[in-house]
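>>> Build me a model from this:
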Amino acid sequence: MTRDTKLADISGIETVKLGFFKEVKRKIRELEASNQELEQKRRDIQAILDGIPDVMAVISREKKVLSVNKSFDDTYPGLAPAGLTCHKIFKGCDAPCSPCSIELAMESPTRVSRSLQILNRGGENRQIECTASVMLDGTSKPNRILLLQRDVTLEKQFQAKYFLAERMATVGVLAEGVAHEINNPLTSISGFAETLALHLGELEALTPASEKAAALFEDFHEFLDTILMECSRCSGIVQNLLTFGHREVRQLTTVDLNDVVANCLKLLGPRLSRLPKDIIALETGGEDAPVVLGHPGELMQVMLNLVGNALYAVRASGRIRIRTGVRDNMVALEVADTGDGIAPEHIGKLFEPFFTTKPPGQGIGIGLSTCYNIIRKHGGEISVESEPGKGAVFEVILPYLSQ
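Got it, this is the predicted structure:
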């Protein structure tokens, strides 16, 4: 039987070895090229992950961090996360968070789990949206979790401002309608009370003099004075409501906030005369006058509200600082007091209509909401900072009108 002729029979064993080595070298070159391609892809993927501004971490089922992106290193500088649990890194505690985004994701691997948590970053509490999704292995079984953390603090603040502005607009329309309805009978009451006061003098002249008649007329005069005084107070409340809900475009003029402050203190003169002379410190320094384009009466109303609230907060034992100035092409007005401060749970409600911390009979809660509405119409912002026991600082920012 004739056997097949092989390469070794013709060229010898050395030739076969040479061919084998060439094949090995070719495979090595292919593997090197493949490795280079895989390495480039790995670098591309890592570059994409590092370009994501959200904190990203790959976490094991035991909640231990396996790898992170560059945003993690920027947010938590100097921290080596490998091997540490996520709750230890993010919250500094030994027990898992509640609710735990990772556990929620593992319960339903086909769905993305989202939760909002408060995390401390740089000594400041931030609102963080945590998103967890399950990563599958080669057999389509869950083995790791991809965790994303997005800081939504600023977004939530803008949402709160938007909802407040929307709510204020709705209440403003309601307030305007209510104010008009109240204004009509209030005008009638005030008018008839003034007429009765005029006729009362005539009636007193026609009535025979007696001790009892004199006492009655004295009571009538007191009652009518009280009615007229209360009508005047209600009229002021109605005007505040109308200002709060007014949609008419008023003619604006050049206003110097220093003049507004000075006129405000003049109007409060009788009240301030009963208090220590140094209760108010006025700072109006700077080369540029704090001039804005606005409505003088409405800006005066804002000033009276802020100073009036500060006087209520300090009583007769504290101090008030009023500061005006120009910075960054904006005019700033600041009213600070050394009163008891504002409780944290009340800060977010201060500019809401009809919210007040004053006792019944001392306020109906439209002063600061009216201020907010006026400042917004002037294209500005009003904000407050306060800590219980450390007073409060109200700041108004308005566009600067350069001369």
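>>> Only C-alpha atoms from now on, for both contacts and neighbour counts.
Will do.
>>> Output the longest strand along the chain as CSV, nothing but the C-alphas.
Counting residues, the longest strand found in the chain (DSSP state E) is strand 124-136. Written as CSV, here are the backbone C-alpha positions of strand 124-136 (Å, rounded to 0.1, in the frame of the first residue of the first chain):
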residue,chain,number,x,y,z
GLU,A,124,-22.8,70.7,53.1
ASN,A,125,-25.9,68.6,52.8
ARG,A,126,-26.8,68.1,49.1
GLN,A,127,-29.8,66.4,47.4
ILE,A,128,-28.4,63.5,45.4
GLU,A,129,-30.4,61.4,42.9
CYS,A,130,-29.1,57.8,43.1
THR,A,131,-29.6,55.5,40.1
ALA,A,132,-28.7,51.8,40.3
SER,A,133,-28.9,49.3,37.4
VAL,A,134,-27.8,45.7,37.4
MET,A,135,-24.9,44.5,35.2
LEU,A,136,-25.1,40.9,33.8
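>>> contacts for that strand?
Contacts of strand 124-136 with the rest of the structure, by CA atoms under 8 Å, 6 or more residues apart in numbering, involve 101-102, 105-106, 109-120, 142-153.
>>> Flag every buried residue along it.
R126, Q127, I128, E129, C130, T131, A132, S133, V134, M135 (16 or more other CA atoms under 10 Å).
>>> what's the spacing between the third one and L119?
When CA to CA, to the nearest Å is the yardstick, I128 and L119 sit 7 Å from each other.
>>> and if you look at the last one?
For M135, the distance to L119 under the criterion CA to CA works out to 25 Å.
>>> now the fifth one
When CA to CA is the yardstick, C130 and L119 sit 11 Å from each other.
>>> got the angle for the helix or strand that the longest strand of the chain is followed by vs strand 124-136?
As assigned by DSSP states H and E, the chain's next helix or strand after strand 124-136 is strand 142-151. Put simply, strand 142-151 runs at 150 degrees to strand 124-136, going by axes from the mean of the first three to the mean of the last three CA atoms, to 10 degrees.
>>> which secondary structure elements does strand 142-151 contact?
Secondary-structure packing of strand 142-151 (3 or more CA pairs under 8 Å, 6 or more residues apart in numbering; DSSP states H and E): strand 55-60, helix 101-107, strand 124-136.
>>> Find the helix or strand that the residue nearest the centre of the chain is a member of.
Central residue of the chain (CA atoms, centre = their mean): Q157, 4.0 Å from the mean position. Following DSSP H and E, one finds Q157 within helix 153-206.
>>> can you give me the offset of that helix from its chain's centre?
29 Å (CA atoms, centre = their mean, to the nearest Å).
>>> Can you spell out which helices and strands pack onto that helix?
strand 124-136, helix 211-245.
>>> Point out the most buried one among those.
strand 124-136 (a mean of 19; mean count of other CA atoms under 10 Å).
>>> quick revisit: what is the mean pLDDT for the longest strand of the chain?
Average pLDDT, strand 124-136: 83.
>>> neighbouring strands for it, and are they parallel or not?
The pairing partners recorded for strand 124-136 under DSSP bridges are strand 113-121 (antiparallel), strand 142-151 (antiparallel).
>>> roughly how far out does it sit from the chain middle?
22 Å.
>>> And for stretch 43-55?
On the basis of CA atoms, centre = their mean, stretch 43-55 sits 31 Å off its chain's mean C-alpha point.
>>> which regions of the stretch 51-200 of the chain sit below the pLDDT cut-off?
Along the stretch 51-200 of the chain, segments meeting pLDDT under 70 span 51, 138, 161, 164-172, 175.
>>> just to revisit the earlier point, what subset of the contacts of strand 124-136 is buried?
Of these, these count as buried by 16+ other CA under 10 Å: 101-102, 105-106, 109, 112-114, 116-117, 119, 142, 144-149, 151.
>>> Not counting its neighbours along the chain, what's nearest V68?
Counting by CA to CA, 6 or more residues apart in numbering, the nearest residue to V68 once its immediate chain neighbours are dropped is A57, at 4.3 Å.
>>> mind listing the helices for the stretch 201-350 of the chain?
Secondary structure of the stretch 201-350 of the chain (DSSP state H, counting those that start in this stretch): helices at 211-245, 257-267, 269-272, 296-314, 344-347.
>>> Need those helices in TSV (columns: distance to V65 and mean pLDDT).
Shown next, in TSV, are the helices of the stretch 201-350 of the chain (distance: least, CA to CA, whole Å; pLDDT from 0 to 100):
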stretch	distance to V65	mean pLDDT
helix 211-245	54	77
helix 257-267	56	86
helix 269-272	63	79
helix 296-314	51	87
helix 344-347	36	82
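>>> So which of those helices is nearest F72?
Nearest to F72, of all the helices of the stretch 201-350 of the chain, is helix 344-347, at 30.8 Å by CA to CA.
>>> Can you pull the domain assignment for this protein?
When the chain is parsed with automatic domain parsing, its domains come out as 9-48, 53-151, 158-245, 253-399.
>>> Start and end of the second one, how far apart?
So that's domain 53-151. First residue to last in domain 53-151 (CA to CA) measures 10 Å.
>>> so how far is D225 from E334?
38 Å.
>>> do the same with L272
Going from L272 to D225 by CA to CA gives 25 Å.
>>> next one: E345
41 Å.
>>> ok, K27 - contacts?
K27 sits next to no residue when contact means CA under 8 Å, 6+ apart.
>>> Okay, and it sits in which element?
According to DSSP H and E, K27 maps onto helix 13-51.
>>> what do you get for S67?
strand 65-68.
>>> Contacts for that strand, please.
Contacts of strand 65-68 (CA under 8 Å, 6+ apart): V55, M56, A57, V58, I59, S60, P81, A82, G83, L84, T85, C86.
>>> burial of the first one, as a residue count?
Right, V55. Residue neighbour count, defined by other CA atoms under 10 Å, stands at 22 for V55.
>>> check contacts around it.
V55 neighbours (CA under 8 Å, 6+ apart): V68, N69, K70, S71, F72, T75, L148, Q149, R150.
>>> let's go with 6 Å and repeat that
Applying CA atoms under 6 Å, 6 or more residues apart in numbering, we find V55 in contact with S71, F72, L148, Q149.
>>> Cool, thanks, talk later.
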